[in-house]
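Asker: have a look at this prediction, sequence included:
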Amino acid sequence: MKDLAHLNKYFRKYKWHLILGTIFIIISNFFGIVPAVVVRYSFDLLQRSYDIFQAFSGFDLQESTYAVFAQSILILGLMILVSALLKGVFMFFMRQTIIVMSRRVEYDLKNEVYEHYQTLPLSFYRKNNTGDLMARISEDVSKVRMYVGPAIMYGINLFTLFFMVIPFMFSINPRLTLYSLIPLPLLSISIYFVNNIINKRSEEIQQSLSGLSTFVQEAFSGIRVIKAFVREEDMEQEFDKASEDYKHKSLGLAFVQALFFPLIMGLIGLSVIFTVYIGSVEVFEGAISTGVIAEFIIYVNMLTWPVTSLGWITSIIQRAAASQKRINEFLNTKSEIVSTENLITDIAGHIQFKEVSFTYPDSGIQALKNVSFDVKPGESIAIIGTTGSGKSTIANLICRMYDVSGGTLKIDENDIKKYSLETVRSQIGYVPQDVFLFSDTVKGNIAFGKDEMSFEDIKKAAADADLLENIDRFPNGFDTRVGERGITLSGGQKQRVSIARAIAREPKILILDDALSAVDTKTENAILNAMARIMKGRTSVIISHRVSSAKLADKVIMLDDGYVQEAGTHDELMNKNGAYKELHDKQLQGESEEEVY
């Protein structure tokens, strides 16, 4: 229950749902007890009335006695019917309060987890896979809801019914009460163990089914490779193994489930047998009437489900506690990317790196080593280097996805840590190396970075990214849906939509992280010409492995293994005849060979 204590704030929030639900449970149980008492009176009335009816045999008074008897039975029958209807009404109210409360807690908890996810740094997402994140916000929260709703509802029902029924049964006949209740604890314990076995085997089946589905999906996705290498028979054998495992586990679960209901019915039947047998002995001894036996059988049936649910509730609580523990692990993870002064202001775009070093916290890889450069507002800098040289790390640090491990990163002469995260990021236009588009229209993706944007602004951004010609060929123009992760677009089109999205928000700092890697030379030149206009008046950071992108920049630095290998303007570095010029000549030669072929 220590892990589930996190939910106490929600119980306080929805305390009136819980209080009203408890009241409705008590009232519902009261109207459940009334028919049992009425049945006892009906049996006793039937016995006494029959004796009186027989005593007046042959007299006119016998008909009057029968009329009174019939009227009494009718009234008692109507009382049972009304009690059943009222019990049903209050059961409806019970579910409309407690189950509704559980759904609201589920909603709030999912929102809490989702909002917390968004506050966590990039290092958190590097350490945890998407499937695990999804499982905790969906499956684990659903298991917690079962505790907040059904488990609490049936738990309250169990305790209130026990406190109402069992003392009443003892007041009627303690001996009969004890014997009629003997099988119920055995029933609860049996249900607990059987339910745990069912849950365990169900999870094993889910894992087996997941593995089987993954195998089939992979086989169908790679069907051309399978056919090309003539591996159909081997794949069929592997599928048979996976299917056999799933079948074996499913049959094991079916066997346990087959025992479940016979076990319940057997123990309930045993309780009824004890009630009838001991009740008959008590009747012969004159301690009770026959109506009490009928009353106790109803009580036993009333208590059967709550007692049965006790084992089920215990299992639910255990699973909910395990799920809440998993949820708490992430909720207790705090972001180290926080503002020291929460500074909120417009920035000019002056970027200063002073002896900056950075080591990725999850992998321990040192990406930057004593990197220094200075970009004045409105200036542009190109960061050139091979794969793994630390180029993208600079973009992550400027966007404050990470904090520097050593040295200082300043924006407008202030340490970047002083600004609020929203202030920094809202004034940066970032085109990531791995383009991600949402399952939305082209227009929606371009306008994603700004709350309100006119169609003219969207169109202008598309034009600047050399995207208009492509959009005109789309079936629905700007309203064309790009599919999941932009699957309907080519690599170059996705990159250009990403560029348009970045420049549409009119940022003070523009970061292009290898944004032209998926476009051809002609398109690159067109975009670069447009970028020359876009970059005017804003600080621009062009990260690329292509030297051609550096021609636009006022300054160039070349990284190698996290160090600044060379720095200067494009012309200065070309005149040095160093690593930059060597890379430039190699790429120029490669492009010439591509044009020949």
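Answerer: Arrived safely, thanks for sending. Worth saying up front: this structure is predicted, and the values here are computed from it rather than measured.

Asker: just the helices in the stretch 151-300 of the chain please.
Answerer: Taking DSSP state H, counting those that start in this stretch as the test, the helices found in the stretch 151-300 of the chain are 152-172, 174-181, 183-221, 223-228, 232-284, 290-331.

Asker: where among those helices is average confidence lowest?
Answerer: Per-stretch mean pLDDT for the helices of the stretch 151-300 of the chain is lowest at helix 183-221 (a mean of 75).

Asker: who are the packing partners of it?
Answerer: Helices and strands touching helix 183-221, by 3 or more Cβ pairs under 8 Å, 6 or more residues apart in numbering; DSSP states H and E, are helix 232-284, helix 290-331. Yep, even glycine has a C-beta here, placed from its N, CA and C like the rest.

Asker: mind putting the ones you listed into JSON lines with distance to residue 211?
Answerer: Converted to JSON lines, the helices and strands packed on helix 183-221 look like this (distance: least, Cβ to Cβ, whole Å):
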{"stretch": "helix 232-284", "distance to residue 211": "6"}
{"stretch": "helix 290-331", "distance to residue 211": "21"}
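
Asker: between the ones you listed, which one is nearest to residue 127?
Answerer: Closest of the helices and strands packed on helix 183-221 to residue 127 is helix 290-331, at 11.0 Å (criterion: Cβ to Cβ).

Asker: in TSV, list the helices and strands packed on helix 183-221 along with mean neighbour count and distance to residue 558.
Answerer: Output for these, formatted as TSV (neighbours: other Cβ atoms under 10 Å; distance: least, Cβ to Cβ, whole Å):
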stretch	mean neighbour count	distance to residue 558
helix 232-284	14	49
helix 290-331	20	40
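
Asker: and the ones you listed: which comes nearest residue 385?
Answerer: Closest among those, using Cβ to Cβ: helix 290-331, at 34.9 Å.

Asker: chain center to the closest one, what's the gap?
Answerer: 26 Å (Cα atoms, centre = their mean, to the nearest Å).

Asker: do the same with stretch 144-152
Answerer: 17 Å.

Asker: straight-line length of it, end to end?
Answerer: Taking Cα to Cα, to the nearest Å, the first and last residues of stretch 144-152 lie 11 Å apart.

Asker: there's contact between residue 296 and residue 279 in this structure, I believe.
Answerer: Yes. Counting by Cβ atoms under 8 Å, residue 296 touches residue 279, with 6.3 Å between them.

Asker: hey, what's in contact with both of the two?
Answerer: Residues touching both residue 296 and residue 279 by Cβ atoms under 8 Å, 6 or more residues apart in numbering: residue 176.

Asker: check contacts around the residue sitting nearest the centre point of the chain.
Answerer: Of all residues in the chain, the one closest to the mean position by Cα atoms, centre = their mean is residue 137, 2.1 Å from it. Shown in contact with residue 137 (Cβ under 8 Å, 6+ apart): 110, 113, 114, 117.

Asker: thinking again about what came up before, so for residue 500, which of the helices and strands packed on helix 183-221 sits nearest?
Answerer: helix 290-331 (34.3 Å).

Asker: what's that closest one packed up against?
Answerer: helix 15-55, helix 61-119, helix 130-137, helix 139-146, helix 152-172, helix 174-181, helix 183-221, helix 232-284.

Asker: now do the first one: distance to the chain's middle.
Answerer: Relative to the mean C-alpha coordinate of its chain, helix 15-55 is positioned 45 Å out (Cα atoms, centre = their mean).

Asker: the inter-axis angle of it versus helix 290-331?
Answerer: Helix 15-55 and helix 290-331 are oriented at 170 degrees to each other (axes from the mean of the first three to the mean of the last three Cα atoms, to 10 degrees).

Asker: other SSEs contacting helix 15-55?
Answerer: Against helix 15-55 (3+ Cβ pairs under 8 Å, 6+ apart) you get helix 61-119, helix 152-172, helix 290-331.

Asker: with distance to residue 223 added, can I get these in TSV?
Answerer: Listed next are these as TSV, based on distance: least, Cβ to Cβ, whole Å:
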stretch	distance to residue 223
helix 61-119	36
helix 152-172	49
helix 290-331	37
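
Asker: circling back: distance to residue 395 added to the helices and strands packed on helix 290-331, as a markdown table?
Answerer: Listed next are these as a markdown table, based on distance: least, Cβ to Cβ, whole Å:
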| stretch | distance to residue 395 |
| --- | --- |
| helix 15-55 | 48 |
| helix 61-119 | 20 |
| helix 130-137 | 22 |
| helix 139-146 | 34 |
| helix 152-172 | 49 |
| helix 174-181 | 70 |
| helix 183-221 | 33 |
| helix 232-284 | 43 |
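
Asker: what about residue 391, neighbour count?
Answerer: Neighbour count for residue 391, taken as other Cβ atoms under 10 Å: 25.

Asker: got it, and residue 394?
Answerer: 27.

Asker: which SSE is it in?
Answerer: helix 391-398 (DSSP states H and E).

Asker: can you tell me how far residue 139 sits from residue 150?
Answerer: 16 Å (Cβ to Cβ, to the nearest Å).

Asker: next one: phi and psi at the closest residue to residue 393 other than its chain neighbours?
Answerer: Sequence neighbours aside, residue 367 is the residue nearest to residue 393 in space, at 4.1 Å (criterion: Cβ to Cβ, 6 or more residues apart in numbering). Main-chain torsions, residue 367, degrees, to the nearest 10: phi -90, psi -30.

Asker: wait, what's in contact with residue 367?
Answerer: Residue 367 neighbours (Cβ under 8 Å, 6+ apart): 358, 359, 360, 390, 393, 562.

Asker: coming back round to it: residue 139 and residue 150: which is more packed in?
Answerer: Ranked by neighbour count (other Cβ under 10 Å), residue 139 and residue 150 place residue 150 first, with 18 against 13.

Asker: quick check: the closest residue in space to the more buried one that isn't next to it in sequence vs residue 152, distance?
Answerer: Nearest non-adjacent residue to residue 150, counting by Cβ to Cβ, 6+ apart: residue 316, 7.0 Å away. Using Cβ to Cβ, one obtains 10 Å as the distance from residue 316 to residue 152.

Asker: mind listing what residue 501 touches?
Answerer: So residue 501 contacts 431, 445, 446, 447, 448, 449, 461 (Cβ under 8 Å, 6+ apart).

Asker: quick check: domain ranges of this protein?
Answerer: Domain assignment of the chain by automatic domain parsing yields the ranges 1-172, 174-287, 341-427+508-597, 437-506.

Asker: where along the stretch 451-597 of the chain do the strands fall?
Answerer: 509-513, 539-544, 555-560, 563-568 (DSSP state E, counting those that start in this stretch).

Asker: please name whichever of these is nearest to residue 320.
Answerer: Of all these, strand 509-513 comes closest under Cβ to Cβ, at 43.0 Å.

Asker: show the contacting residues for the nearest residue to residue 139 once chain neighbours are set aside.
Answerer: With sequence-adjacent residues excluded and distances taken as Cβ to Cβ, 6+ apart, residue 139 is closest to residue 323, at 7.5 Å. Residues near residue 323 by Cβ under 8 Å, 6+ apart: 136, 139, 140, 141, 143, 144.
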